[in-house]
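**Q** How does the following fold in three dimensions:
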Amino acid sequence: MKKILLMAVMAIFSLKVSAQEATPNVNIPYDYQFYQKLNPAVYDQQSKFHSAIKGFYSDASALQLRYDSLMNAGTDSLNKRSWVHRKLFQEHLLNFKNEDYHIYADFLPDLQIGRDFSGSRSTWMNTRGFQVGGEVGKQFSFYLNGYENQGKFVDYVNRFIVNNQVVPGQGYGKLGTDKQDWTYVTALLSYTPSKYLNFGLGYDKNFIGDGYRSMLLSDVSSNYSFFRVRATLGSVQYQTIFAYMLDPGAPRLSSDRTTGDRGKWMAAHYVDWNATKRFSVGFFQAVTWADAQEGAKRGFDFNYIHPFIFLRPIESTNTTSPDKMRLGLNLKYELLKKTALYGQFMLEEFTAKEFFAGKGYWANKYAVQLGVRGSDLFKVTNLNYLAEFNSARPYTYSHFDRLSNYANYNQSLAHPLGGNFREFLGLLNYSYKRFDVQGEASYARYGLDPAGMNYGGDIFKSYDTRSVQYGSHIGQGIGTNLYYLKGQVAYLINPKYNLRLEVAGTYRKESNELGINKASLLTIGIRSSFRNIYHDF
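**A** Residues are numbered from 1 along each chain as shown. Next comes the predicted model:
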């Protein structure tokens, strides 16, 4: 009997050790094209995976086998290859590994040339980058990448850069009217002290949702500094983010360089509950506020540091609060074995009396998302798909002060179109051995602002300058239609640092009463990165 009890205790102890060793800790940089290849493991009715909180961890038990197979795609384990062959097609450029640590490093080129046949404009990209990452022990991991870039963009992207003084999703640099020069860097430290808790300190982005877009928190804007806590207990995962961001478009507090760009803070909490193996529901709340105003330095508001609390009551205790609160809901239902329905709802302001009056009151502001995604469409292995609808009412995500709107570095923290729009989009991706084929099609209807007017699409304008009080509707202003098509074919050279040869074709048409803008772009290049850069706006 004593031997049996001793064996039982040892077995329980070994299970606890095993669970501790398998604690997820190693972050996978978020890239839609790569993440959708994880669909069979993520949207599995037999597991309760928290799919809405990104990035994922490569050492999570539900993902590990799928991730390892993708990272070792095409590896020839039977024949001994030369050092050059292995580094080019199978391995990291530098790789150091033993029982206590694993460290790797790679060169990341992104070299492209292209031609816009509609605008008779040549485009090119000259990017030299690197990545360094690894794990130390079972609890600590790190990741760093950096890019030095020069490029000449298609007309509509170049106009965006000139008007907003930011390279979409990347940042500022020596930005001209025709050619651009900028840098981009990402860093993340991850520490998991127990199987229930993970801390992340990063200069990166965050994403919440199951769609291609997110109406709650997306990776559209530039990187920002944040401290992130994730806690997992059974079927519940909780995430809280405290972030510091910049707004170079806001008026500076001084005419010299002593104050620099204006800053803003964000506290965002999200709790995700896998109610069943098929159904999950998540609750989101976020508050943004200015770091300083004329004659007053506020800094971080420690009233918002409490992670397990409703932020609205705290915000409302400030009787003249200048902060902006947002609430959101995220839903997912795995309808079939490899098919998931998902949706989001973001609420900014709501007045029930005005809503039921049906007069289109401007301050009833909200955004919605509905979508379906899945893998192995028509029983074709590795044929993944997504179909999605997104919409935001006019003045959604804006505020009376641009420093407390829902944006970072002159770009939205949610949808790239801001507010006052409807969008339908679809994506298909097929992988066969080392080949990837992806197609995207989208249509959006939105309203632009005539000179001196504010119809609610530009979230950087104060809603106090609104042009509509009642009768507010999506598409008001200069009604504009946007059609976007893109197809690309890539050959994966090395999965370890996503080195690939890529050919892509893009067609874009934007039309309204003022005229038509077209782009017909063909590009070819050798690319290597794990990041989302959105030009489909």
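**Q** need the contact list for the spatially most central residue of the chain.
**A** Within the chain, one residue has its C-alpha closest to the average C-alpha position: by CA atoms, centre = their mean, that is Asp219, at 2.5 Å. Contact analysis of Asp219 by CB atoms under 8 Å, 6 or more residues apart in numbering lists 30, 169, 205-207, 532. Every C-beta, even on glycine, is put in place using the N, C-alpha and C of the backbone.
**Q** which of the residues you listed sit farthest apart?
**A** Maximum pairwise distance in the contacts of Asp219, criterion CB to CB, is 13.4 Å, between Gly169 and Asn206.
**Q** So between those two, which is more surrounded?
**A** Asn206 (25 against 20; other CB atoms under 10 Å).
**Q** which residues touch the more buried one?
**A** Counting by CB under 8 Å, 6+ apart, Asn206 makes contact with 54, 217, 219, 226, 228, 241, 268.
**Q** how about a cut-off of 10 Å?
**A** Going by CB atoms under 10 Å, 6 or more residues apart in numbering, Asn206 touches 30, 53-55, 200, 214, 216-219, 224, 226, 228, 239, 241, 243, 266, 268, 270, 413.
**Q** ok, now Leu522?
**A** Per CB under 10 Å, 6+ apart, neighbours of Leu522: 113-117, 123, 503-506.
**Q** what about this protein, any weak spots by pLDDT?
**A** For the chain, applying pLDDT under 70 flags the ranges 1-23, 76-78, 307-321.
**Q** for the closest residue to the residue nearest to the centre of the chain other than its chain neighbours, what are its contacts?
**A** Spatial nearest neighbour of Asp219, chain neighbours left out: Lys205 (3.9 Å); criterion: CB to CB, 6 or more residues apart in numbering. By CB under 10 Å, 6+ apart, the contact set of Lys205 is 29-30, 54-55, 169, 186, 217-224, 226, 243, 408, 413, 531-532.
**Q** can you pull the contacts of the closest residue to Leu425 other than its chain neighbours?
**A** Distances taken as CB to CB, 6+ apart put Ser442 closest to Leu425, at 3.7 Å, once the chain neighbours are dropped. By CB under 10 Å, 6+ apart, the contact list for Ser442 reads 212-213, 388, 390, 423-427, 482-486, 508, 536-537.
**Q** From those, which land in strands?
**A** 388, 390, 423-427, 482-486, 508 (DSSP state E).
**Q** if we can go back for a sec, from the contacts of Leu522, which is closest to Pro251?
**A** For the contacts of Leu522, the nearest to Pro251 is Thr123 (33.8 Å; CB to CB).
**Q** Run a quick neighbour tally on that closest one.
**A** The number of residues packed near Thr123 is 20, by other CB under 10 Å.
**Q** Show me what Lys264 bridges to in the sheet.
**A** Met245, Ala290 (DSSP bridges).
**Q** what's the answer for Tyr385, then?
**A** Taking DSSP bridges as the rule, Tyr385 bridges to Gly374, Leu428.
**Q** That one against Leu427, yeah?
**A** Yes. The pair Tyr385 and Leu427 qualifies as a contact (CB atoms under 10 Å) at a distance of 6.8 Å.
**Q** what touches both of the two?
**A** What both Tyr385 and Leu427 touch, as defined by CB under 10 Å, 6+ apart, is the set 36, 373, 439.
**Q** about what we covered before: ok, now how distant is the residue nearest to Asp219 from Gly295?
**A** Counting by CB to CB, to the nearest Å, the gap from Lys205 to Gly295 is 33 Å.
**Q** Same question for Gly211.
**A** From Gly211 to Gly295 the distance is 43 Å (CB to CB).
**Q** Now do the helices in the stretch 51-200 of the chain.
**A** Residue ranges of the helices in the stretch 51-200 of the chain, as given by DSSP state H, counting those that start in this stretch, are 64-71, 83-89, 155-164.
**Q** Fine by me, thanks again.
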